[in-house]
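Student: With the input below, show me the fold.
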Amino acid sequence: MTITLHYLNNSRAQRILWLLEELEVPYEVKRYERVNLLAPPEFYQVHPLGKSPVITDGDLTIAESGAIVEYVLAKYGKGRFQAEESGWLDNLYFLHYAEGTLMPLLAWKLILTKTPDYTPITIQPIAKEICKNLIANIVDNRIVDNINLIEEKLKKHPGGWFAGGSEPTAADFMMLFPMEVFASRSPKPVPESFNAYVKMIHDRPAYKRALEKGGSYAYAQL
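Tutor: Purely as a prediction, here's the structure:
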């Protein structure tokens, strides 16, 4: 056993657990609990940014979900979970889109939602109104555009995977986390295709094993 997944609770690390379980490669999980929403001090000894997921594989330490997914599939995938030629570009796009475009929007909404709580109590009403307007007029509009893009892509692939085909690819391992966020935490109803996508993955035996290995996970239920 060489791979260790450094797993911060309620984080993107769940997608890596799912990948490892699908591949059935030997690994171990070292779990960390958040302190005031952040990684605990000992996590920074693994990686200086304190962001999860991180894996160690022998002498290597690898951070960033996309890099981890590509590394694990290249080294341990044995040809599995590769996009068909017809879905190659979709796989490439959504592999990078998940963290390059989609998650920053969701993160900004979370930041703006919580910002008033960190302002002096005397100006909190003003801060709440400003942040509310920013969310409504800038962030939410862009999120809606992204929801529409995702819905259209899922419609084009009846099998349910972002690159088409009969199996998930790197794109799906990356898109799982934001889709879970949409399905379980969106204040407004999302398209049924989003819920169906998440349920399809949550019903997979490998994902269920991943939940057992990772422990409590806020996005495990729709």
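Student: Can you tell me which residue sits nearest the middle of this structure?
Tutor: With distances taken as C-alpha atoms, centre = their mean, the chain has Phe177 as the residue nearest its mean C-alpha position (2.5 Å).
Student: what about the residue of the chain most remote from its centre, distance to Pro116?
Tutor: Distance from the C-alpha centroid of the chain peaks at Thr122, with 36.3 Å (C-alpha atoms, centre = their mean). Plainly put, Thr122 is 12 Å away from Pro116 if you go by C-beta to C-beta, to the nearest Å. No exception for glycine: its C-beta is placed from N, CA and C like everyone else's.
Student: what does Pro158 give?
Tutor: Applying C-beta to C-beta to Pro158 and Pro116 gives a distance of 44 Å.
Student: Give me the phi and psi angles of Tyr31.
Tutor: Quick fix: residue 31 is Arg, not Tyr. Phi and psi for Arg31, reported as degrees, to the nearest 10, are phi -100, psi 140.
Student: Could you find the closest non-adjacent residue to it?
Tutor: Tyr7 (5.0 Å; C-beta to C-beta, 6 or more residues apart in numbering).
Student: and stretch 71-89, which residues are buried?
Tutor: By neighbour count on 16 or more other C-beta atoms under 10 Å, the buried set for stretch 71-89 is 71-73, 76-77, 81-83, 87.
Student: meant to ask about stretch 135-149
Tutor: 135, 139, 143, 146-147.
Student: quick one: it to chain centroid distance?
Tutor: Here the centre of stretch 135-149 is set off from its chain's centre by 18 Å, with C-alpha atoms, centre = their mean, to the nearest Å.
Student: Could I get the average pLDDT for the helix or strand His6 falls within?
Tutor: Using DSSP states H and E, His6 sits in strand 3-8. Here strand 3-8 scores 96 as its mean pLDDT.
Student: same question, stretch 91-100
Tutor: The model assigns stretch 91-100 a mean pLDDT of 97.
Student: Using PDB, write out the CA atom coordinates for that stretch.
Tutor: Provided in PDB are the C-alpha atoms of stretch 91-100 (Å, rounded to 0.1, in the frame of the first residue of the first chain):
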ATOM      1  CA  ASN A  91     -13.900  14.900 -21.100                       C
ATOM      2  CA  LEU A  92     -11.100  17.400 -21.400                       C
ATOM      3  CA  TYR A  93     -13.400  20.400 -21.100                       C
ATOM      4  CA  PHE A  94     -15.300  19.300 -18.000                       C
ATOM      5  CA  LEU A  95     -12.200  17.900 -16.300                       C
ATOM      6  CA  HIS A  96     -10.900  21.600 -16.200                       C
ATOM      7  CA  TYR A  97     -14.300  23.300 -16.100                       C
ATOM      8  CA  ALA A  98     -15.200  21.900 -12.700                       C
ATOM      9  CA  GLU A  99     -12.600  23.800 -10.800                       C
ATOM     10  CA  GLY A 100     -11.700  26.500 -13.400                       C
END
